[in-house]
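# below are the sequence and a predicted model for it; my questions follow.
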Amino acid sequence: MMMCLSFKGNFNSVTINGGCLGSPFLLEKTMQTELIVAIIGIIAAVFGGQGFWTWLISKKSGKTNEAKLLMGIAYSKIIDQCNRYIKRGWIDADEYHELYHYLYQPYKDMGGNGTAERLMGIVKGLPAEGGNHDKQSI
């Protein structure tokens, strides 16, 4: 079927295949409707995709895979260091400061606790020997 578009006079009406479509305002409204349908289609495609919902859930849970990995590494390091100091039987203030401020506190702020918290309590009670002896001021 061949469509023929012609304009009459001062563009007050549009004719397709000899039939009148109406005023240019009707064409404008039709174009607006098509634009709205296209926008709705794009929105549906974005929100209908699995990637968007996976991203949203990971943001809502607050723990991305990178954060989980970092927490795992910090946990492992804290446990290793605490066990080393407990086995040795003492810790100096510099070691305690580094363990507490650079590993344990950020780990705890990210939501970690449990075993690491229990071991930190034991380490805090160890006698201070070796280098700096002012562990209690930390």
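Yep, it's here.
# this structure: helices as residue ranges?
Ranges of helices within the chain are 24-48, 50-61, 65-88, 93-98, 105-109, 115-124, based on DSSP state H.
# avg pLDDT for the longest one?
Averaging pLDDT along helix 24-48 yields 77.
# what about N83, neighbour count?
Counted with other CB atoms under 10 Å, residues neighbouring N83 total 13. (C-beta placed from N, C-alpha, C; glycine too.)
# which pLDDT does the model give the residue nearest to it when sequence neighbours are not counted?
Leaving aside its sequence neighbours, N83 sits nearest to L119 (CB to CB, 6 or more residues apart in numbering; 7.2 Å). pLDDT, L119: 94.
# when you give positions from now on, start the count at 461
I'll keep to 461 as the first residue from here, and by that count the last item is L579.
# so who does L579 touch?
I538, I539, C542, N543, I546 (CB atoms under 8 Å, 6 or more residues apart in numbering).
# wouldn't Y567 be in contact with G532 here?
No - the criterion here is CB atoms under 8 Å, and Y567 misses it with G532 at 10.1 Å.
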